[in-house]
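Asker: quick one, structure for this:
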Amino acid sequence: MVNSLPGATLAFDVALAAALWIVVFAWHPLPFWWLMLPAMAVLGALGAYRRTRLPRSASTSQHRPHGTVADAARDALIGVATAILLYAFFAAGHALLSRLPGFAGGVTTVYRMTRLPKWLMAGLLLFVAGPAESVFWQGYVLETGLRRWSPGAAWAASVVPYALVHCASGNPALVAAALAGGAFWSYLYLRMRRLLPVIVSHAIWDLIMLVILPLR
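Answerer: Numbers count the residues shown, from 1 in each chain. All right, here's what the predicted structure looks like:
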């Protein structure tokens, strides 16, 4: 029998993520980044801790660590390439959907809400936001699901809650972006079973979307 973290623990942690996103997006008693940074720090630290506590099992060997520097470099390149591919997908979707009622306004709201000096924004995206979300949703939630369910069910269990917590924003464009991005990064983790390409992909995609080539 494959051991794993109790389901109640996973459910509690996902509920905590939802509560944090409600504070950030719905209540927002402080400016966006003043709330988002500590929320990301909590989720990233929690995900990293829970990941280390996952018991060894028959599926543990499927998680392939980096053997050499060359392996890590290759995974980083895969992360960059997949980020560019995902950005191209979003750019095409934006061109098709920008005329829908509320869509363009939702995109504009995201950029207005996250506005910061470019150098500061780049640092936060590369070293806090992208890594924290990847560690929590793919490194912890998805990896835990893989110890309990089929790959397809584990993938859904990481993708659907990730999209749903963004419903706190009341922004359909942001929810759609979370659904597409979450589906993509969780699939990448399923294929690679390593976290580095997912972290790099998420962080570089954030950087392109919000700093280098914003869709507006």
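
Asker: against residue 18, how distant is residue 152?
Answerer: 23 Å (CB to CB, to the nearest Å). The C-beta positions use only the backbone N, C-alpha and C, and glycine is treated the same way.

Asker: also residue 196?
Answerer: The gap separating residue 196 from residue 18 is 27 Å, by CB to CB.

Asker: higher neighbour count, the two?
Answerer: Remark: of residue 196 and residue 18, residue 196 carries more neighbours, 20 against 16, as counted by other CB atoms under 10 Å.

Asker: does that one touch residue 77 like I think?
Answerer: No - if you go by CB atoms under 8 Å, residue 196 and residue 77 don't touch, sitting 10.5 Å apart.

Asker: residues near the closest residue to residue 136 other than its chain neighbours, how many?
Answerer: Spatial nearest neighbour of residue 136, excluding adjacent residues (CB to CB, 6 or more residues apart in numbering): residue 47 at 3.4 Å. As a burial measure, residue 47 scores 26 neighbours (other CB under 10 Å).

Asker: buried stuff in the helix or strand that contains residue 47?
Answerer: Assigned by DSSP states H and E, residue 47 belongs to helix 32-53. Residues of helix 32-53 classed as buried by neighbour count (16 or more other CB atoms under 10 Å): 33, 35-36, 39-40, 43-44, 46-48, 50-51.

Asker: just send those residues back as JSON lines, with pLDDT too.
Answerer: Formatted as JSON lines, the buried residues of helix 32-53 follow (pLDDT from 0 to 100):
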{"residue": "33", "pLDDT": "96"}
{"residue": "35", "pLDDT": "97"}
{"residue": "36", "pLDDT": "97"}
{"residue": "39", "pLDDT": "98"}
{"residue": "40", "pLDDT": "97"}
{"residue": "43", "pLDDT": "98"}
{"residue": "44", "pLDDT": "98"}
{"residue": "46", "pLDDT": "98"}
{"residue": "47", "pLDDT": "98"}
{"residue": "48", "pLDDT": "97"}
{"residue": "50", "pLDDT": "96"}
{"residue": "51", "pLDDT": "95"}
